[in-house]
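[1] coords please:
(one chain, ligands or ions: 1)
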Amino acid sequence: MITKKTLLLSFVSVLCAATLFFAIPVSSSGTYDPWLDYNGDGIVDLKDVYPMHQAYGTSGDPTRNVNVTNWPQTQNVSVVNMPQSTDTNVWYNEHFAASSQAWKVDYRASGFGQLHVLIYAMGLITGESLLVEVHGELFNAAHDSEVLVLAYAITIRPGSQFQAFTIPVPSEYFAFRASTDDVSNCYVYLSFYLTYA
Ligand SMILES: [Ca+2]
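    The predicted model follows:
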């Protein structure tokens, strides 16, 4: 005997079957996600599902290789719109008398990752030294006021008057400070170069 319940179940079954066979969407209103485009052809479709089907249940290291395409093309270090980083002179044969200090600020490192510095403190004799510091520039929220934050310091002494070091870029803008104590004087050469990594 065909009851109302049987008729209803049959209708639902047909509806489900119809949904399976005819209602699979061939286009999507979603947003293209390159991480879902397994074969990288610019379309997310069944070809991207098949490799997952084959690899289903496997496990391993989830680290992914990526291609970075938005490296900065320009930088501003003293000179506007240079095509690439150049050696930038901070001091060249600059005389530091005893008990003196000098600042050079607002070098821009936006987009770069590593800061390479060369220093020569000429004329130091026994007992004398030169202190060189790199400071990051820490801005307030409005970006109209800042404080300097010491990021790196090195003391140059006789016998090791040539120094080279590399540090991570401390901030978008950075500064150098060099100083002598009350018994030291010398001539300072300092330049830097920036690289992406
Ligand atoms: Ca694809």
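
[2] Tell me, how many residues neighbour Val90?
    Around Val90 sit 21 other residues, with neighbours defined as other Cβ atoms under 10 Å. In this view, the C-beta of every residue, glycine as well, is placed from N, C-alpha and C.

[3] Phi and psi next, for it.
    Val90 has phi and psi values of phi -100, psi -50 when expressed as degrees, to the nearest 10.

[4] Against the ion, how distant is it?
    Using Cβ to the ion, to the nearest Å, we find Val90 at a distance of 51 Å from the ion.

[5] What sits closest to that residue if chain neighbours are left out?
    Leaving aside its chain neighbours, Val90 sits nearest to Leu190 (4.4 Å; criterion: Cβ to Cβ, 6 or more residues apart in numbering).

[6] can you pull the pLDDT of the one you found?
    At Leu190 the predicted local confidence, pLDDT, stands at 98.

[7] try Ala197
    Here, the pLDDT recorded for Ala197 equals 79.

[8] how about it, what does it touch?
    Neighbouring residues of Ala197 by Cβ atoms under 8 Å, 6 or more residues apart in numbering: Gly113, Gln114.

[9] please redo it, this time with the cut-off set to 6 Å
    For Ala197, the residues meeting the contact criterion (Cβ atoms under 6 Å, 6 or more residues apart in numbering) are Gly113.

[10] Report the separation between it and Ser171.
    As for Ala197, its distance to Ser171 is 17 Å (criterion: Cβ to Cβ, to the nearest Å).

[11] Contacts for stretch 49-59, please.
    In this structure, residues lying in contact with stretch 49-59 by Cβ under 6 Å, 6+ apart are Tyr38.

[12] Measure how buried Thr86 is and give me the count.
    14.

[13] which SSE is Ser191 in?
    Here Ser191, judged by DSSP states H and E, is contained in strand 186-195.
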